[in-house]
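**Q** Take this sequence and fold it.
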Amino acid sequence: MQSMSDFIHTPEKNVCVLYWPRQAWKTTILKQTYETLASWRNVFWYSFDEEITPKQFSTLHDFLHFFATRVGFSPNEKHILFLNETQYSHRLEQILVEYTTLYDVHAKIIATGVNAPT
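**A** Numbering: from 1, shown residues only. Next up is the predicted model:
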């Protein structure tokens with residue numbers, strides 16, 4: 001298993017999704033990693049369970065635009081975007097797969113979700 005540090009410093013990989021069962025400390029681990037890196041510039045946090053109606057995206061463009069305007073995230077910069085509870089955004093898995101096909105991406109996305117439908 002690759003460590004989070006290895007992932008962050010591997011240029012050819014830009015998305016890491018941690019799928020574990022419910023109540024398996026996903027948010028705690030993700031938040032601790034985020035807090036460790038928060039002193040870096042360009043590290044962002046977003047949790048899909050903090051809103052009454054979780055944000056939904058229909059396209060990769062919608063996803064990138066939302067996070068660009070919400071937190072200043074850009075795939076062309078050395079940013080790290082932490083996404084928590086992704087199972088609440090129904091198309092997000094497909095959008096993250098699409099994100100991995102972008103050319104010349106420097107930003108990393110680290111996400112958590114449960115491996116069972118909500």
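
**Q** where exactly do the helices run in this protein?
**A** 4-8, 26-37, 60-71, 92-99 (DSSP state H).

**Q** Can you add distance to residue 15 and mean neighbour count and give these back as JSON lines?
**A** Where you see a C-beta, it was placed from the backbone N, CA and C, and this is true even at glycine. Output for the helices of the chain, formatted as JSON lines (distance: least, Cβ to Cβ, whole Å; neighbours: other Cβ atoms under 10 Å):
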{"stretch": "helix 4-8", "distance to residue 15": "9", "mean neighbour count": "14"}
{"stretch": "helix 26-37", "distance to residue 15": "14", "mean neighbour count": "15"}
{"stretch": "helix 60-71", "distance to residue 15": "12", "mean neighbour count": "15"}
{"stretch": "helix 92-99", "distance to residue 15": "5", "mean neighbour count": "17"}
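
**Q** Going by mean pLDDT, which of these comes out lowest?
**A** Mean pLDDT values for those show the minimum at helix 4-8, a mean of 75.

**Q** tell me what that helix is packed against?
**A** Secondary-structure packing of helix 4-8 (3 or more Cβ pairs under 8 Å, 6 or more residues apart in numbering; DSSP states H and E): strand 108-114.

**Q** Need the CA coordinates for the strand it packs on. CSV is fine.
**A** Listed next in CSV are the C-alpha coordinates belonging to strand 108-114 (Å, rounded to 0.1, in the frame of the first residue of the first chain):
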residue,chain,number,x,y,z
LYS,A,108,-3.9,16.4,-6.2
ILE,A,109,-7.3,15.3,-5.0
ILE,A,110,-7.6,13.1,-1.9
ALA,A,111,-11.1,11.9,-1.2
THR,A,112,-13.0,9.6,1.1
GLY,A,113,-16.3,7.7,0.6
VAL,A,114,-18.1,4.6,1.8
